[in-house]
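Engineer: can't give you the sequence, but here's the structure:
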């Protein structure tokens with residue numbers, strides 16, 4: 001069974017910043033979480049999504065797109081590395097050399113067996129509280145996408161399925177055809 005390696009001493013962003021650049025570790029609830037490399041299905045879905053999102057955003061000059069590893073500084077004890085993220089032009093002030101220091105407008109996590117629990121629960125809750133406007137969970141194994149929009153009531157599902165197109169609320173016109181994504 002694949003599991004993330006956890007080093008149990010409670011850590012802070014200061015501890016995280018002492019790691020060598022490019023270390024494949026996230027700081028989640030004060031713990032360093034290291035994951036094995038993603039499997040091929042994960043990589044294919046992530047690359048296809050990255051290309052589509054990057055092209056859509058840059059063609060329209062809407063902001064900036066980043067792929068893992070790029071840090072999202074959520075709190076003193078949380079630095080996440082989502083698979084993909086988008087920061088709108090209005091929020092470019094959140095970008096610094098070491099990552100995003102404010103909520104991205106869109107975060108996309110592509111599930112892996114080793115990190116799915118974090119992505120579906122802890123990170124989802126943190127992104128909601130951090131005011132990430134839209135959160136997508138892409139499951140290459142199940143060939144599904146679930147999209148959440150952050151409203152005054154918290155994250156609400158705007159799309160969940162195995163067929164059709166998942167469309168962004170934050171980026172009107174950006175839609176992903178599930179059949180093509182998981183082909």
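Structural biologist: Nice, I can see it. Computed from a prediction, not measured in an experiment: that's the story for all the values here.
Engineer: list the contacts for the residue nearest to residue 61 when sequence neighbours are not counted?
Structural biologist: Spatially, and ignoring its direct neighbours in sequence, residue 61 is nearest to residue 89 (7.6 Å; C-beta to C-beta, 6 or more residues apart in numbering). Just so you know, the C-beta spots here come from the backbone N, C-alpha and C atoms, and that holds for glycine as well. Shown in contact with residue 89 (C-beta atoms under 8 Å, 6 or more residues apart in numbering): 61-63.
Engineer: Spell out for me which residue occupies the centre of the protein.
Structural biologist: In the chain, the residue lying closest to the centroid (C-alpha atoms, centre = their mean) is residue 82, at 3.0 Å.
Engineer: in terms of contact, does it touch residue 71 like I think?
Structural biologist: No - if you go by C-beta atoms under 8 Å, residue 82 and residue 71 don't touch, sitting 9.5 Å apart.
Engineer: Can you give me the separation between the nearest residue to residue 182 once chain neighbours are set aside and residue 86?
Structural biologist: Excluding its sequence neighbours, the residue lying closest to residue 182 (C-beta to C-beta, 6+ apart) is residue 143, at 4.4 Å. The gap separating residue 143 from residue 86 is 23 Å, by C-beta to C-beta, to the nearest Å.
Engineer: So for those two, which sits in the more crowded spot?
Structural biologist: When neighbours are counted by other C-beta atoms under 10 Å, residue 143 and residue 86 differ, and residue 86 comes out ahead with 25 against 17.
Engineer: Show the pLDDT at that one.
Structural biologist: pLDDT for residue 86: 98.
Engineer: which residues touch it?
Structural biologist: Applying C-beta under 8 Å, 6+ apart, we find residue 86 in contact with 53, 57, 62-65, 104-106, 170-171.
Engineer: Quick check: bridge partners of it?
Structural biologist: According to DSSP bridges, the partner residues bridging residue 86 are residue 65, residue 106.
Engineer: and it, how far is that from residue 101?
Structural biologist: From residue 86 to residue 101 the distance is 16 Å (C-beta to C-beta).
Engineer: One more: residue 30?
Structural biologist: Per C-beta to C-beta, residue 30 is found 18 Å from residue 101.
Engineer: Can you get me the start-to-end distance on stretch 153-168?
Structural biologist: Stretch 153-168 stretches 19 Å from its first residue to its last (C-alpha to C-alpha, to the nearest Å).
Engineer: what comes up buried for it?
Structural biologist: 155, 158-159, 166, 168 (16 or more other C-beta atoms under 10 Å).
Engineer: hmm, who's touching that stretch?
Structural biologist: Residues external to stretch 153-168 that are found in contact with it (C-beta under 8 Å, 6+ apart): 106, 124, 127-128, 134-136, 142-149, 169, 173-179.
Engineer: what about 10 Å?
Structural biologist: Residues outside stretch 153-168 that contact it (C-beta atoms under 10 Å, 6 or more residues apart in numbering) are 53, 56, 86, 105-106, 108, 124-125, 127-129, 132-139, 142-151, 169, 173-182.
Engineer: Lovely, talk soon.
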